[in-house]
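S.K.: compute the structure for the input listed below.
(chains A and B)
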Amino acid sequence: MLKKIRRLLAAVTFILITLLILDFTDTLMAWLGWLAQIQFIPAVLALNAVVIVALVLLTLVFGRIYCSVICPLGVMQDIVSWIHGRKKKNRFEYSPAKSWLRYTMLGIMVVALAAGLGSIVALLAPYSTYARIVTNVLQPFYMWGNNVLAAIAEHYESYAFYSVDVWVKSLPTLLIAIAMLVLVAVLAWRGGRTYCNTICPVGTVLAQLARFSWFKVHIDADKCRNCNLCNKNCKSACIDIKNHRVDYTRCVTCGNCLEKCNFGALTYGHKKPAAQPAPAPQPANDASNTRRAMIVGAAVVAADAALAQAKKKVDGGLAVIEDKQAPKRNTPLTPPGSLSAANMARRCTACQLCVSACPNQVLRPSGNLATLMQPTMSYENGYCRPECNRCSQLCPTGAIQPIGLDEKVSTQIGHAVWIKKNCLAAKGAPCGNCARHCPSGAIEMVPLNEKDEDSPFVPAVNPAKCIGCGACEHLCPARPFSAIYVEGHEQHRTI
Amino acid sequence: MNDNNSKTFNRRSFLKALGLGGAIVAAGSVVSCASSDDNNNTQEPPVGKMTYRKNPKDGKDVSILGYGMMRLPTIDLNGSAREDDIEIDQEMVNKLVDYAIEHGVNYFDTSPAYCKGKSEHATGIALARHKRDEYLIATKLSNFAPETWSHDAGVEMFQNSLKELQVDYIDYLLLHAVGGGDDKDDAMKKFNARYIDNGILDYLLEQREKGVIKHLGFSYHGNIEVYDYLLAQHDKYHWDFVQIQLNYFDWNHAAKNDEDNAEYLYNELAKRNIPAIIMEPLLGGRLAKLPDPLARKVLARDPERSIASWAFRYAGTRPGVLTVLSGMTFMEHLKDNLLTYCPLKPLTADDMKFLHDLADEMAKYDTIPCNDCKYCMPCPFGLDIPAILTHYNKCLTEGNAPQDNKDPDYARHRRAFLVGYDRRVPKLRQADHCIGCGHCKPHCPQGIDIPKELARISDYVDKLKREG
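M.R.: Below you'll find the model as predicted:
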């Protein structure tokens, strides 16, 4: 029964949260945004006391069901492990806890959190690891699927689906996501919850609480015939059957053992019937992960093909447009609502929810080592439009705090800088596209040389009005480098 | 600055018709055949029923349907040859030409500029398979680029036309799209540079004397001063025909001013007994896809006739019209037009009034008079100008360009506009990237102030996005 309930709940949360991460249309956020907010590390970073208290109480009552039901990375491992389990039954074996590794990882996490080393936190946080896998590996397929539907819709003149661009936003992040997927999947294939019980710092924290949980799995030594079936089906490898003991720090309360026991020796509840445990096991198995590798390989090949196709589409009637290149920004841009570079670095777990949701292709994971995978902005493919504040509504950690549209358009995240040598207007073209499109009227067209009547008019930025949205940079006709670009502000200001 | 063969349906509307089956255009075209022959229910156009007009100069019959060779089919099924760098489907061209000739079409209009310069060659191949007296060839001296303004270049262009078309005389030779330019002075200057100062017009007159050119005329777009000037010189040059843009919309509502109206253009020719050749009878396909309320009116007037057929009948009704050009890419275009013109049932005065009233109503829609001729392209900044303008027009006529965000259907229309916009035009080629350089402006035969319209559309799109 416990197993069935657990599986049902896990399936529901897992599917919903995956859809939340995949969604790029801003429809699910309002309904499912809370699923990201109840994740442990985001709640800690957001200083979300309600969620933290609730999760602590949950664990103190039921044990680590968080790991079995709420954490999508945990559920993903269960799925991988279950697939293997269908081929090979009774494959687990008790092993002693690798405490030194667990506590080292926890220590690293705590230090990283305290020191604001966002990229390390991001690497270890289970929810963001999962979200990153989804956005980097799964979302492209989701989008291609959507694009197929969009093509069909277009054929029937329906506007139900619209096509989106699939692009590699950051190669390092993609590679890390793939590496983590492989690592977690291999560990899960071989040993069930190995990752959760050796590496995951959230698992280790909850483990300490689970020691004292009100409900636990108990083994009745009198009823136990030492058949070892429970042990062999424990994906956490935490049933020491010799001593009739369960390592509650590692038990994720999945209920598999309860169901396996033919003699009713295992129970889940508060009262301890009678017990004593003991033994030793090992997970083993090296079924290959060729399937995953194939999927990843296919993704890379498909991406190449898509690029080639895009080139072919340009016909003779259209001038070729050179791709814009991102300028070198001395201070990276962070989205409105993130308050400051420091707040972003400290609180972001790089789950990519904002990157996945950005409709203007502005947000992408940073490639900078200190802020690795955390979102940063650039305006080659679009700019931060005044009517959009999606990322701020989504962020579960408070790295980007909810910001109203009025507030957004008066928040200076950066300021525009003119580069004379790139500017077509300075060369005499009748351009003023930046000034025309500036939503805050921060760009004036002024004569390059006041004394010369025939002087070309060039853009001049009024930094007091500029909010750094990037309309000027994006719409500047100069390519590959715009003649006007946005330099970030470490600390956002209000006009 | 260039003239432009008309067409039954443009490619998009055709594909749409194919795809949807239910589109008014397609439905109309299917039923119109029944009405083209009272007791015949077949969709095939009849042979031997084509309406002909006599050329007053030589008394030869000219089919009222002229074949425009600007939008020839390509190997790639998705387009006509002018749009893409793909090869012309010669086999299909031959088939179309054979079918047209079999059904009485004898006027074929091409130019050295069409299909990126490949139209004459393909036309020559297709026509050379027929007897020379079965067809009339019209081609043009299309010296648009300043490099071709010299005497030698002009002569070479003409001689090359003879070679490509595999003939030793041209039936109809046109000065191509006179009247283009920024203003009237510029237009006169350009005209003089292209045809007078270099002696090319004298050369062509000489060729007419020799019989290498049977009929000499010009096609007109743009600044009326040039038109008036050329007609004033009629006694000197004896124009054998003039090609003008005429349809029930342009009769009173041409782009710029009253003097550009087809009514004026046509009457000036009629006064002098100069035969008119009609281009843009469908106004770039726009008269085949009317705004819904207007389409309903036309269908209500005669449910058995296609909407496009009214425009073709209108163009052919006036007695001074020698032939009506249509750029037919697909066999379906050709058949539908043949059904309208085999034979032509002229419009009554009441029909004419109905269409003129319809045009008055059309003029109330704020559409941009873009015919998707693509002469403005390529834009140096990569914008897809005709796609932007035609998308805007399409949304206007389909009611998908909402203005009031309190309208209960606002969200639906807004989505249709914005999603459709991204489908039709890649983001980097959309209107907000126009810097207003004006490179396109002098090229537009319809005299559209393209940068201004693009800025207007860009502002509108921005407003739609903000008022989500």
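
S.K.: retrieve the pLDDT associated with B:P73.
M.R.: Note on B:P73: pLDDT of 88.

S.K.: so A:H84: helix, strand or coil?
M.R.: The three-state label given to A:H84 by DSSP: H, G, I helix; E, B strand; the rest coil is helix.

S.K.: go on, A:E322?
M.R.: coil.

S.K.: measure it to A:R479 for me?
M.R.: Distance of A:E322 to A:R479, computed by C-beta to C-beta, to the nearest Å: 4 Å. For the C-beta atoms, the positions are set from N, CA and C on the backbone; glycine is no exception.

S.K.: quick one, which of those two is more surrounded?
M.R.: Shown here are A:E322 and A:R479; by other C-beta atoms under 10 Å in any protein chain shown, A:R479 has more neighbours (17 against 11).

S.K.: the more buried one reaches A:A319, doesn't it?
M.R.: No. Taking contacts as C-beta atoms under 8 Å, A:R479 lies outside contact range of A:A319: 11.1 Å.

S.K.: for the helix or strand hosting A:V446, buried residues please.
M.R.: Using DSSP states H and E, A:V446 sits in strand A:443-447. For strand A:443-447, a neighbour-count test (16 or more other C-beta atoms under 10 Å in any protein chain shown) marks A:I443 as buried.

S.K.: outside of the following helix or strand past that strand, which residues touch it?
M.R.: The helix or strand immediately downstream of strand A:443-447 is strand A:457-461, counting by DSSP H and E. Identification of contacts with strand A:457-461 by C-beta atoms under 8 Å, 6 or more residues apart in numbering or on different chains yields A:415-418, A:420, A:423, A:425-426, A:432, A:434-435, A:442-448, A:472, A:484.

S.K.: strand A:457-461: which residues count as buried?
M.R.: Judged by neighbour count (16+ other C-beta under 10 Å), strand A:457-461 contains these buried residues: A:F457, A:V458, A:P459, A:V461.

S.K.: one more: stretch B:435-454?
M.R.: Residues B:435-437, B:440-448, B:450-451, B:453-454 are the ones in stretch B:435-454 that count as buried (16+ other C-beta under 10 Å).

S.K.: A:Y268 should be in a strand, yeah?
M.R.: Yes. The assignment for A:Y268 is a strand, going by three-state DSSP.

S.K.: I'd say it and A:I219 touch.
M.R.: No. Using C-beta under 8 Å as the test, A:Y268 is too far from A:I219 to be in contact (11.0 Å).

S.K.: same drill for the two, tell me which one is more crowded.
M.R.: Neighbours per residue, other C-beta under 10 Å: of A:Y268 and A:I219, the larger number sits with A:I219, 26 against 18.

S.K.: tell me the pLDDT at that one?
M.R.: The score at A:I219 is 90. That number is its pLDDT.

S.K.: so what's it bridging to?
M.R.: A:I219 forms beta bridges with A:L266, as assigned by DSSP bridges.

S.K.: roughly how far apart are it and A:R64?
M.R.: In terms of C-beta to C-beta, A:I219 sits 18 Å off from A:R64.

S.K.: repeat for A:C354
M.R.: According to C-beta to C-beta, A:C354 stands 29 Å off from A:R64.

S.K.: before we move on, back to that, and chain B, which of the contacts of strand A:457-461 contact it?
M.R.: Residues of the contacts of strand A:457-461 in contact with chain B (C-beta under 8 Å from any C-beta of the partner chain): A:G432.

S.K.: among the contacts of strand A:457-461, which ones are buried?
M.R.: The neighbour count (16+ other C-beta under 10 Å) marks A:415-418, A:423, A:425-426, A:432, A:434-435, A:442-443, A:472, A:484 as buried among the contacts of strand A:457-461.

S.K.: where's the closest residue to chain B within the stretch 1-150 of chain A, which helix or strand?
M.R.: As assessed by C-beta to the nearest C-beta, chain B sits closest to A:A150 within the stretch 1-150 of chain A, at 7.8 Å. Applying DSSP H and E as the criterion places A:A150 in helix A:139-155.

S.K.: where does chain A dip in pLDDT?
M.R.: Low-confidence segments of chain A (pLDDT under 70): A:272-317.

S.K.: err, the stretch 51-200 of chain B, not the other one
M.R.: In the stretch 51-200 of chain B, residues with pLDDT under 70: B:76-86.

S.K.: helices of that one, start to end?
M.R.: Applying DSSP state H, counting those that start in this stretch to the stretch 51-200 of chain B gives helices spanning B:90-102, B:119-127, B:151-165, B:184-191, B:200-210.

S.K.: just the stretch 251-400 of chain B next, same as before
M.R.: According to DSSP H, counting those that start in this stretch, the stretch 251-400 of chain B carries its helices in the segments B:262-271, B:292-301, B:307-317, B:331-341, B:349-364, B:385-398.

S.K.: close to chain A: what parts of the stretch 301-450 of chain B are there?
M.R.: Within reach of chain A by C-beta under 8 Å from any C-beta, the stretch 301-450 of chain B has these residues: B:374, B:377-382, B:384, B:412, B:415-416, B:419-420, B:422-423, B:427-429, B:432-438.
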